[in-house]
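Asker: Give me the fold of what follows.
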Amino acid sequence: EVQLVESGGALVQAGGSLRLSCAFSGFSFDDYSIGWLRQAPGMEREGVACMHSGDRDTLYSSDVEGRFTISRDDDKNTVYLQMNSLKPEDTAVYYCAAAGDFGLGPDLYRYWGQGTQVTVSP
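Answerer: Okay, the predicted model is just below:
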C-alpha cells in the first residue's frame, strides 16, 4: 500500500523558514517522482517543487524558485521541502505526492498525502 505522510507545517512570521517532511512507503524513489503541491483557500491546487525519480533533477514554480528547496533522504524514504523567506501568500495546505511523470501539474500525481497546513503571518 502506498502511503505519504507530511509533517512540519506551522504558523510562522513572514521572512521565517520551515522545513516540511514527507515520509513515504509502498514504493521507492526509482518508481515515482515526488512533488510538493499546495492549495490556498479558494484557489486551485498548484505544484511548487518536484524531484525526478532517476536523476534527481528538480523543478520549481516561479513563485518559489530561489526560496524553496526540495531534497530527499534515500535511507529514510523521506522528501523534504525547505522553505525560506516565507511570505503571507505562501499560506496554504502543502501536499507531497508521487507521479509517474516529471512536472508540476497536479494532474500528473497519482498518490497524495493528507497535507500539512502552513500559515505565514504578516
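Asker: wait, what's in contact with the residue most central in space within the chain?
Answerer: Geometric centre of the chain, nearest residue: Trp36, 2.0 Å, by Cα atoms, centre = their mean. Trp36 sits next to 20, 22, 47-50, 68, 70, 79, 81, 94-97 when contact means Cβ atoms under 8 Å, 6 or more residues apart in numbering. (Glycine included, C-beta is placed from N, CA and C.)
Asker: Mind putting the residues you listed into a markdown table with distance to Ser61?
Answerer: Putting the contacts of Trp36 into a markdown table (distance: Cβ to Cβ, whole Å) gives the following:
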| residue | distance to Ser61 |
| --- | --- |
| Leu20 | 15 |
| Cys22 | 17 |
| Gly47 | 6 |
| Val48 | 5 |
| Ala49 | 7 |
| Cys50 | 10 |
| Phe68 | 9 |
| Ile70 | 11 |
| Val79 | 16 |
| Leu81 | 12 |
| Tyr94 | 13 |
| Tyr95 | 14 |
| Cys96 | 15 |
| Ala97 | 14 |
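Asker: Out of those residues, give me the one that has the most neighbours.
Answerer: Counting neighbours by other Cβ atoms under 10 Å, Cys96 leads these with 30 neighbours.
Asker: Read off the pLDDT value for that one.
Answerer: Note on Cys96: pLDDT of 98.
Asker: same check, this time on Val2
Answerer: pLDDT recorded at Val2 is 93.
Asker: Over to Asp30?
Answerer: pLDDT recorded at Asp30 is 85.
Asker: ok, it - contacts?
Answerer: Counting by Cβ under 8 Å, 6+ apart, Asp30 makes contact with Ser53, Gly54.
Asker: now with 10 Å?
Answerer: Contacts for Asp30 (Cβ atoms under 10 Å, 6 or more residues apart in numbering) come out as Ser53, Gly54, Asp74.
Asker: Just the buried subset of these, please.
Answerer: Using 16 or more other Cβ atoms under 10 Å as the burial test, the contacts of Asp30 include Ser53 as buried.
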